[in-house]
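In: next one to model:
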Amino acid sequence: MTTTDVTVAVDGAIGRITFTAPDRLNSLDAEMLETVTNEVARLDADPAVRVIVLSGEGRAFSAGANIVAYEKVGDLDATLFGLGPAARAILETRTPVISLVPAVAAGAGLSLALAADYVLVADDAKLLLAFGGLGLMPDGGATSLVVANIGRARALRLALTGEKISGATAAEWGLVSESVAAEAFSARADELIAHLASLAPDGTALTTAAITDAALDLDATLDREERGQHALLRTDDFAEGLAAFREKRRPAFGR
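Out: The predicted structure is shown next:
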């Protein structure tokens, strides 16, 4: 199955959802997020599918929300508020989900990658919470996912500074499951996909659900993020952040 900027395919026990907008680093729009939400659920309901793979075509997993495509702030609602349901679909699957990040995962793209049960990154990949520079807050479950993985201090460091960290650093901190050298990435991805597909479905489903429930209050997280982001999208600071992003300059907030 192919939709606009997303390809979905099943190969035996492997279901693959691939972002296919490499010309814009797989930045996400509302249609892409809706496709992810629906197709993750569809693949999860297929008893033949034993692992779901999330990836991006080209050199990025996803550079975040495609904010430059919108002229009016209100038009961004469908995209930014589609992120929570997509993250929820990934986090609540019975089928194990692996995200593959060979190069870039930023903002909303990083949120989706971290929602997976296993996150494989290349050592030289670049990961960042690119929200603060727009006057926004992390969403897609990231406010809890990042804290659960690396703790409050490092989560605030990433959120407040917008710092890019390498895949190797992300693995060292515990933000992601594993990092490998770029030249070994494809082989390791294939190995992990085969392993996850070989696991007992019921045991895996109960394991991932129990660990996710122990680490996250998903309902409260997504509700808090949606309310906060809705308010922030209507601020002068976000308008300034968006203008600065488009004009490739530093924003001047609080004027």
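
In: and the residue most central in space within the chain, which of the three is it?
Out: The centroid of the chain falls nearest to Leu112 when counting by Cα atoms, centre = their mean (1.7 Å). Here Leu112 is recorded as helix under DSSP: H, G, I helix; E, B strand; the rest coil.

In: return the helix or strand in the protein with minimum mean pLDDT.
Out: None of the helices or strands of the chain scores lower by mean pLDDT, DSSP states H and E than strand 2-3, at a mean of 58.

In: so the residue nearest to the centre of the chain touches Gly84, yeah?
Out: No. Applying Cβ atoms under 8 Å as the test, Leu112 and Gly84 come out as separate, 10.7 Å apart. Using the backbone N, CA and C atoms, a C-beta is placed for each residue, glycine as well.

In: Phe185: how many residues sit nearby?
Out: Phe185 is flanked by 22 other residues according to other Cβ atoms under 10 Å.

In: so what pLDDT did it get?
Out: Here, the pLDDT recorded for Phe185 equals 98.

In: would you agree it is in contact with Asp124?
Out: No. Proximity of Phe185 to Asp124 does not meet the contact threshold set by Cβ under 8 Å, at 9.8 Å.

In: in what element of secondary structure is the residue nearest to Asp217 when sequence neighbours are not counted found?
Out: Nearest residue to Asp217, sequence neighbours excluded (Cβ to Cβ, 6 or more residues apart in numbering): Ser144, at 7.0 Å. Assigned by DSSP states H and E, Ser144 belongs to helix 142-150.
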